[in-house]
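Asks: what shape does this take:
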Amino acid sequence: MSKHGINVPKGVTVGSVDEVRKALRDVFANQSEVVVKSQILAGGRGLGTFKSGLQGGVHIVKADQVEDIAGKMLGNILVTKQTGSQGKVVSKVYLCEKLSLVNEMYFAITLDRKSAGPLIIACKKGGTSIEDLAEQHPELIIKVPIDVFTGITDEDAAKVVDGLSPKVADRNGCIEQVKKLYELFCKCDCTMLEINPIAETSDKQLVAADAKLNFDDNAAFRQKEVFALRDPTQEDPREVTAAKADLNYIGLDGEIGCMVNGAGLAMATMDIIKLHGGTPANFLDVGGNASEGQVVEAFKILTSDEKVKAILVNIFGGIMKCDVIASGIVNAAKQVQLKVPVVVRLEGTNVDQGKRILKESGMTLITAEDLDDAAEKAVKASTK
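Replies: I've put the predicted structure just below:
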């Protein structure tokens, strides 16, 4: 953000107590107080609790206490309202200067389906849960859609600044900051940029005091500097493994593992599982041109989930051939000890070859005639 001309607090990321000492000596030598922020991919850090008992993932402390508080954060698990009860390990801590804030506001840029382009959201009250604020005082939230072809205009930026209602910062300076934030959003292929709070300081500056950015995975090839910062320890290990195998996987909390080809069919499969009283353990789309090796990897991911009590394979062969899926299932069974029942529904290209491969494998499979039958059998098998 600083590289794009946006006002931010001076700060540095550290991953060990030795790095904390170095940062205090090199960056914060003249600071009496420092903000210590645990770095996890989840919101609600300030109100979170470490499993060690330490309250709060964000602390403002005296310079001589930074080493102690950072040491208590690093390597420990922080639980917030967004992490679930398992929490996330804090492997990095962000140290930054304490600012004297006189007014806190909210600013975000996201992608809007309705206007088919970027949407800037602003509110003159920030530093707290924007969801609660939007529910209680929706009139305070202003939305400014930006034409993706013409980009942000001075008029657009002025509307945003009017929504923020700064009290002491220079209006023209604020407009320039808003335009630079939009420029950052576009140039870095962001899908979301949220600053809460965007604040005014006692020296009349508009500053991004705390920010969260999401980036488009499809832009990884041209955002190498951004994606080099990726920390796989903060992500679901199943999703990291799936990404390496070029599989579209999202982990959920259910008991029926799903392997499907095509995102639409995957969503329909999950819906019908719910309809029959079950809960999907994942979204897994193997795509239209998955190899046998990818199918094997998909099975390894599904069987690694201890919550999975049954697996439902639902393939409608168009581009994806049923015999490739069948061979993958058989080879996966040889490499992975299948401890849960597997329900298979195959239809489409090379379906007869696929069914023959499964039949000749000697595997104990539950076959289904259609999606409804498959979902019903999978739910039944998961409750045995």
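Asks: what sits closest to Asp236 if chain neighbours are left out?
Replies: Once flanking residues are discounted, Asp236 sits nearest to Gly251: 4.7 Å by C-beta to C-beta, 6 or more residues apart in numbering. C-beta: built from backbone N, CA, C; applies to glycine.
Asks: find me the pLDDT at the one you found, would you?
Replies: Note for Gly251: predicted pLDDT of 89.
Asks: any idea how far Gly117 is from it?
Replies: 31 Å (C-beta to C-beta, to the nearest Å).
Asks: which one's more surrounded, the two?
Replies: A count of neighbours by other C-beta atoms under 10 Å puts Gly251 above the other of Gly251 and Gly117, at 18 against 13.
Asks: I'd guessed that one sits against Leu284; true?
Replies: No: between Gly251 and Leu284 there is no contact under C-beta atoms under 8 Å: 9.4 Å.
Asks: OK, contacts around Gly11?
Replies: Contacts were defined as C-beta atoms under 8 Å, 6 or more residues apart in numbering; by that measure Gly11 touches 35, 94-97.
Asks: dump these to CSV, plus secondary structure, distance to Asp147 and pLDDT.
Replies: CSV is the format used below for the contacts of Gly11 (DSSP: H, G, I helix; E, B strand; the rest coil; distance: C-beta to C-beta, whole Å; pLDDT from 0 to 100):
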residue, secondary structure, distance to Asp147, pLDDT
Val35, strand, 37, 94
Tyr94, strand, 35, 95
Leu95, strand, 40, 96
Cys96, strand, 35, 94
Glu97, strand, 37, 92
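Asks: taking the residues you listed, tell me the two that lie furthest apart.
Replies: Tyr94 and Glu97 (11.3 Å; C-beta to C-beta).
Asks: turn the contacts of Gly11 into TSV, including neighbour count.
Replies: Formatted as TSV, those follow (neighbours: other C-beta atoms under 10 Å):
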residue	neighbour count
Val35	20
Tyr94	17
Leu95	22
Cys96	20
Glu97	15
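Asks: if I've got this straight, Pro197 is in a strand?
Replies: Yes: Pro197 forms part of a strand when assessed by DSSP: H, G, I helix; E, B strand; the rest coil.
Asks: what's the burial count for it?
Replies: With other C-beta under 10 Å as criterion, Pro197 counts 21.
Asks: and for stretch 17-25, what's in contact with it?
Replies: 12, 14, 34, 63, 66-67, 70-71, 74, 93, 95.
Asks: meant to ask about stretch 153-161, not that
Replies: 107, 120, 122, 142, 144, 146, 171, 174-176, 178-179, 182.
Asks: go again using 10 Å as the cut-off
Replies: Outside stretch 153-161, the residues within contact range by C-beta atoms under 10 Å, 6 or more residues apart in numbering are 107, 109, 120-122, 142-147, 150, 152, 169, 171-182, 206.
Asks: buried residues, it. List them.
Replies: Residues 156-161 are the ones in stretch 153-161 that count as buried (16 or more other C-beta atoms under 10 Å).
Asks: for Gly317, the count of nearby residues, please.
Replies: Gly317, neighbours per other C-beta under 10 Å, totals 19.
Asks: that should have said Asn248, apologies.
Replies: Using other C-beta under 10 Å: Asn248 sits among 16 other residues.
Asks: ok, it to Lys307 distance?
Replies: Counting by C-beta to C-beta, the gap from Asn248 to Lys307 is 20 Å.
Asks: tell me how far Leu78 lies from Gln39.
Replies: 10 Å.
Asks: what sits in contact with each of the two?
Replies: 45, 57, 88, 90.
Asks: roughly how far out does stretch 307-318 sit from the chain middle?
Replies: When C-alpha coordinates are averaged (C-alpha atoms, centre = their mean, to the nearest Å), stretch 307-318 and its chain have centres 25 Å apart.
Asks: CA atoms only: put that stretch into CSV for me.
Replies: In CSV, the C-alpha atoms belonging to stretch 307-318 read as follows (Å, rounded to 0.1, in the frame of the first residue of the first chain):
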residue,chain,number,x,y,z
LYS,A,307,-15.0,-36.6,9.6
VAL,A,308,-15.9,-38.3,6.3
LYS,A,309,-18.2,-41.3,6.8
ALA,A,310,-19.0,-42.0,3.2
ILE,A,311,-17.9,-40.8,-0.3
LEU,A,312,-20.2,-40.0,-3.2
VAL,A,313,-18.7,-40.0,-6.7
ASN,A,314,-21.0,-38.3,-9.1
ILE,A,315,-19.7,-38.1,-12.7
PHE,A,316,-21.6,-37.0,-15.8
GLY,A,317,-19.2,-37.8,-18.5
GLY,A,318,-19.0,-35.2,-21.3
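Asks: where along this protein do the helices fall?
Replies: With DSSP state H, the ranges of helices along the chain come out as 17-26, 66-73, 130-136, 154-164, 171-187, 224-227, 237-244, 263-275, 292-304, 322-335, 351-360, 371-382.
Asks: that older thread, looking at the contacts of Gly11, spot the one nearest Asn261.
Replies: Nearest member of those to Asn261, counting by C-beta to C-beta, is Tyr94, at 41.6 Å.
Asks: now the closest one, which residues is it bridged with?
Replies: Thr13, Lys37 (DSSP bridges).
Asks: I figured it hits Val27, correct?
Replies: No: judged on C-beta atoms under 10 Å, Tyr94 makes no contact with Val27 at a distance of 11.7 Å.
Asks: where does pLDDT dip in the stretch 151-300 of the chain?
Replies: 288, 290 (pLDDT under 70).
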